[in-house]
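>>> based on what follows, work out the 3D shape:
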Amino acid sequence: MKPGVEVGKDTTRAATLERIAARLPAGERPTLRRKARVFGFFSRYFHRYFRRHMNALRLARWGEPVIPEGAGPIVLYTTHPAWWDAAVYILLADKHFANFANFAPIDAEMLKKYGFFGRMGAYGVDLESPRGAADFLAASADILAREDSAIWVAAQGRFMDVRARPLDLRPGIARLAELAPHAVFIPLAIEYAFWEQRGGEAFVAYGEPIRGEDLAAMEREDRRLHLENKLTAIADRLSADVISREPERFVSLLEGEAGVGGVFDLFKRLVAMLRGKRYDPAHGKRDS
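Here you go, the predicted model:
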């Protein structure tokens, strides 16, 4: 038990979350469907996949994750610029939140089509219907009842350009603070760009953690706007670093396979050999 947590209060909270989670059939509860070995398999897969198709995953030096001692559960709420976000979630979860059981809501229809995602920690969400919103809260309650859990939420609910303002976070992220005031909320900005290499660059930055109980004390719309403003500030600062094209502003978390590929790389390799130099597949000056 964490210091300062009253037994009665802790028990009441757990009972409340369990009552909400019990609205779902056992087969649809994320904590029962997720298998750590399946998540581990896909983590290894996406490490290889990212290295083949992207140049680097870069973390802003000022945007290192801050995890309060004894924190848990955690809600990471993020911008949602591209398809790659799901892969980035998995890579960051493995890098920074390996001690947590990681989950993420995804489109309910996609989960029906690719049921194995549920074994990774994904759970279906359809926020366009009252039933879908209720199921989202029930599944989230199931997860947030665990102190060692982390939920990764694409809080905009749809793909949006990183330059679009306002970020227009969906109301669901604000509801989670009511559900779990004991949780810690962490904003995470994600952005992609092309620099000097063939592959794209993925950029991320975390913001300061926000206590769920502080959020729960606000009116719901004020809470949503507070979360949105915090994420907007992180996204704006990250964009400024990306625009600078200065790699020293970032820490490289994962690097891909440099070079253009095909005949061009073969020609460069031959020229390097004839000159007695070591072949470097990077286009231009390699950054790190």
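>>> can you point out the buried residues in the host helix or strand of T16?
Using DSSP states H and E, T16 sits in helix 7-21. By 16 or more other CB atoms under 10 Å, the buried positions in helix 7-21 come out as R13, L17, I20, A21. For every residue, glycine as well, the C-beta is placed using N, CA and C.
>>> F136 is in contact with the last one, correct?
No. Using CB atoms under 8 Å, A21 is not in contact with F136, being 11.8 Å away.
>>> can you pull the residues that touch both of those two?
Common neighbours of A21 and F136 are not found (criterion: CB atoms under 8 Å, 6 or more residues apart in numbering).
>>> which stretches of this structure form strands?
54-60, 74-78, 101-107, 122-125, 149-154, 184-193, 200-206, 210-211, 250-255 (DSSP state E).
>>> can you give me the angle the first one makes with strand 200-206?
With axes from the mean of the first three to the mean of the last three CA atoms, to 10 degrees defining the directions, strand 54-60 sits at 20 degrees from strand 200-206.
>>> quick one: contacts of strand 54-60?
If you take CB under 8 Å, 6+ apart as the criterion, strand 54-60 is touched by 50, 84, 88, 91, 195, 197-205, 237-238, 241, 247, 249-256, 258.
>>> quick check: closest non-adjacent residue to W83.
Closest residue to W83 apart from its sequence neighbours, by CB to CB, 6 or more residues apart in numbering: F159 at 7.9 Å.
>>> low-confidence ranges, the stretch 51-200 of the chain, go.
Within the stretch 51-200 of the chain, the stretches with pLDDT under 70 are 127.
>>> redo that, cut-off 80
For the stretch 51-200 of the chain, applying pLDDT under 80 flags the ranges 72, 114, 127-131.
>>> for it, just list every one of the helices.
85-96, 108-113, 117-120, 130-144, 172-179 (DSSP state H, counting those that start in this stretch).
>>> dump the ones you listed into a markdown table; add mean neighbour count and distance to P68 as well.
Shown next, in a markdown table, are the helices of the stretch 51-200 of the chain (neighbours: other CB atoms under 10 Å; distance: least, CB to CB, whole Å):
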| stretch | mean neighbour count | distance to P68 |
| --- | --- | --- |
| helix 85-96 | 21 | 14 |
| helix 108-113 | 13 | 31 |
| helix 117-120 | 20 | 26 |
| helix 130-144 | 20 | 16 |
| helix 172-179 | 22 | 16 |
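>>> lovely, talk soon.
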